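*Asks:* Need the 3D shape of this:
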Amino acid sequence: MTAARIVDVALPAASVRFTVAAASDTGAVRRVNEDSLFAEPPVFVVADGMGGHSFGDEASAAATSAFAGAFAPAAPATVDAVLDAVQAANRAVIAIGARHERSFSGTTITGVALVESGPDSAFAWLAFNVGDSRIYRFRAGAIAQLSVDHSVVQELLDGGLIAPHEVASHPDRNVVTRALGAHEDVEADVWLFPLETHQTFLLCSDGLSKELDDREIGRILAEADPAAEESVAERLVRAAVAAGGRDNVTAIVVEAELVGARSGSGDDTVDREPWNEDTKPRA
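*Replies:* This is a model prediction of the structure:
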């Protein structure tokens, strides 16, 4: 078990104290963990390699490695630097396919970063996403999904063609519509969120969100005990594996507290075949 880490990032008139917990597990069915993570303030990233495709574990590791060394440690990043890292991650994944003479090697990627967002030392959170790994915000005891899945079932939901309860059993539930490694230029969804006094984010691969519904995830986050030997990320991952663990499971929980200044703002159980949980791109 690994205790959460505490890291301070200095701002001009204050600092942000990060409490970071991260965990990853192969799951109950897989033999290889194709998830990877990077959790070094000011940037946090989860990548889920494409199961059933070429070298998914290498693809996710290459994607997260593109963020290592790209930012000054314990200092805010810039928006451009984060987006450049996403493009660098995409190139690294494409190179894996070329090196192995395969037509495609891919991974999802999702993350948050503390960034300088404008003049006069304005700071914010930059969230970015490609694929169906997720970003959640936990606030006032409630969980909310911030990212939007790039998936066939999400498109069907948005179009009113299926109901939410049909997602878990839909035959295309594992088909993503965007991924790193699919094209030379990748388009990431990006959002800016204000820096507040206290914020908690959860980044996770779909191995977590497919096993635990939002209510259960929120309950575990709400019951987090900083003094416990098992971190909240480890507890989330353990719960997902116990619920079936049909895929690799990865979670990063980022708690950020602004210190020294005011902020600038204010279910159905579905049987699923364990061999059919591979994330794959749309043909």
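
*Asks:* Which residues are in contact with Leu208?
*Replies:* By CB atoms under 8 Å, 6 or more residues apart in numbering, the contact set of Leu208 is Ile217, Leu236, Val237, Ala240, Val249, Thr250, Ala251. Quick note: C-beta positions are derived from backbone N, CA and C, even for glycine.

*Asks:* Buried residues of the strand or helix carrying it, list them for me.
*Replies:* In the assignment (DSSP states H and E), Leu208 maps to helix 206-209. Applying a neighbour-count criterion of 16 or more other CB atoms under 10 Å, one finds Asp206, Gly207, Leu208, Ser209 buried in helix 206-209.

*Asks:* and of these, the nearest to Phe18?
*Replies:* Nearest to Phe18 among these is Leu208, at 20.7 Å by CB to CB.

*Asks:* Quick one: classify the residue lying closest to the closest one once chain neighbours are set aside as helix, strand or coil.
*Replies:* The spatial neighbour of Leu208 that comes closest, neighbours along the chain excluded (CB to CB, 6 or more residues apart in numbering), is Ala240 at 4.7 Å. With DSSP: H, G, I helix; E, B strand; the rest coil as the basis, the three-state label of Ala240 is helix.

*Asks:* got the contact list for Ala240?
*Replies:* Contacts for Ala240 (CB under 8 Å, 6+ apart) come out as Asp25, Gly27, Gly207, Leu208, Glu211, Leu212, Val249.

*Asks:* quick revisit: make a markdown table out of the contacts of Leu208 and add secondary structure and pLDDT.
*Replies:* As requested, the contacts of Leu208 are exported to a markdown table (DSSP: H, G, I helix; E, B strand; the rest coil; pLDDT from 0 to 100):
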| residue | secondary structure | pLDDT |
| --- | --- | --- |
| Ile217 | helix | 98 |
| Leu236 | helix | 98 |
| Val237 | helix | 98 |
| Ala240 | helix | 98 |
| Val249 | strand | 98 |
| Thr250 | strand | 98 |
| Ala251 | strand | 98 |
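
*Asks:* Identify, from the residues you listed, the entry nearest to Pro164.
*Replies:* The shortest approach to Pro164 among the contacts of Leu208 belongs to Ile217, at 15.8 Å (CB to CB).

*Asks:* Would you check that that closest one makes contact with Leu236?
*Replies:* Yes: with contact defined as CB atoms under 8 Å, Ile217 and Leu236 form a contacting pair (6.8 Å).

*Asks:* For those two, indicate the residue with more neighbours.
*Replies:* The residue with more neighbours, out of Ile217 and Leu236 and counting by other CB atoms under 10 Å, is Leu236; that gives 27 against 24.

*Asks:* Look up the closest residue to the more buried one, ignoring the ones flanking it.
*Replies:* Nearest one to Leu236, counting by CB to CB, 6+ apart, is Ala251 at 4.6 Å.
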